[in-house]
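In: got a predicted structure here, sequence first:
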There are 2 protein chains.
Amino acid sequence: MSFDPDTLRYDAAGLIPAIAQDHATGEVLMMAWMNADAVARTLETGRVTYWSRSRGAFWVKGETSGHVQTLVDLRVDCDRDCLLMRVEQVGPACHTNRRSCFYTAIRDGREVELMAPES
Amino acid sequence: MSFDPDTLRYDAAGLIPAIAQDHATGEVLMMAWMNADAVARTLETGRVTYWSRSRGAFWVKGETSGHVQTLVDLRVDCDRDCLLMRVEQVGPACHTNRRSCFYTAIRDGREVELMAPES
């Protein structure tokens, strides 16, 4: 059937969580939020576009940093309330300059850092 | 430093999104929610335990289905408002009996099903 972003299930703020995964390595890079318009823009442009909750504005990933995400495949989960995007990531995905935002692990009850910022 | 689940950032309902990823294949299996107690229980028991928003109760994944998730590594993102769990998944992760909840893709403007339920 033809896809309509309005058929997804958004939270009370009109947002849906979107997970970005490196399409080549499988690494989970980040999770951010989209509204229906951001989903539509991402599909239309192929440039992953989130909704920034802090700025209250569209956030075209990499627009200022150059660390763009190009959409390879968009997937929807069984409850239609979460998105998984397979992406091609230029440079680090995290604003701390690390490849992935998930750079801390809990091991033996302590937090350890798994990766350093890229130079 | 020693890890305290209360240092994570929860939403207004006291919940944090938790992504489950197959530790061996890298496949993203599902996303569900945890409160601080569910995070603590998951770390203590090694059995992934969510908070069911629909039932308002702890949800020990696989408790009734047998499709348990064993925690391999718990990761925290830069904003401390999302978790990534590397897990060992027994059987299908999805309640539809598919390996992953993300079994639908949007391709050429249409929804296509990527995997069938396991028998």
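Out: It's in. Residues are numbered from 1 along each chain as shown, chains lettered A, B, ... in the order given.
In: from memory residue A:118 sits against residue A:99, does it?
Out: Yes: using CB atoms under 8 Å, residue A:118 is in contact with residue A:99, at 6.8 Å. No exception for glycine: its C-beta is placed from N, CA and C like everyone else's.
In: and chain A, which residues reach chain B?
Out: A:1-3, A:17, A:19, A:21, A:25-28, A:30-31, A:43, A:73-79, A:82, A:84, A:94-96, A:98, A:101-107, A:109-111, A:114 (CB under 8 Å from any CB of the partner chain).
In: now with 6 Å, please.
Out: A:1-3, A:17, A:19, A:21, A:26, A:28, A:31, A:73-78, A:82, A:84, A:94, A:96, A:101-102, A:104-106, A:109-111 (CB under 6 Å from any CB of the partner chain).
In: ChimeraX command for the buried members of the residues you listed?
Out: Buried subset of the residues of chain A next to chain B, written as a ChimeraX selection, criterion 16 or more other CB atoms under 10 Å in any protein chain shown:
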select /A:3,17,19,21,28,31,74,75,76,77,78,82,84,94,101,102,104,105,106
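In: sec struct for residue A:40, please.
Out: helix (DSSP: H, G, I helix; E, B strand; the rest coil).
In: for it, give me its contacts.
Out: By CB atoms under 6 Å, 6 or more residues apart in numbering or on different chains, the contact list for residue A:40 reads residue A:5.
In: in chain A, what residue is nearest chain B?
Out: Per CB to the nearest CB, the residue of chain A with the smallest distance to chain B is residue A:26, at 2.8 Å.
In: so that residue touches residue B:28, yeah?
Out: No: contact criterion CB atoms under 6 Å: residue A:26 and residue B:28 do not qualify, at 8.3 Å.
In: okay, which residue of chain A is out on the far edge from center?
Out: residue A:108 (29.0 Å; CA atoms, centre = their mean).
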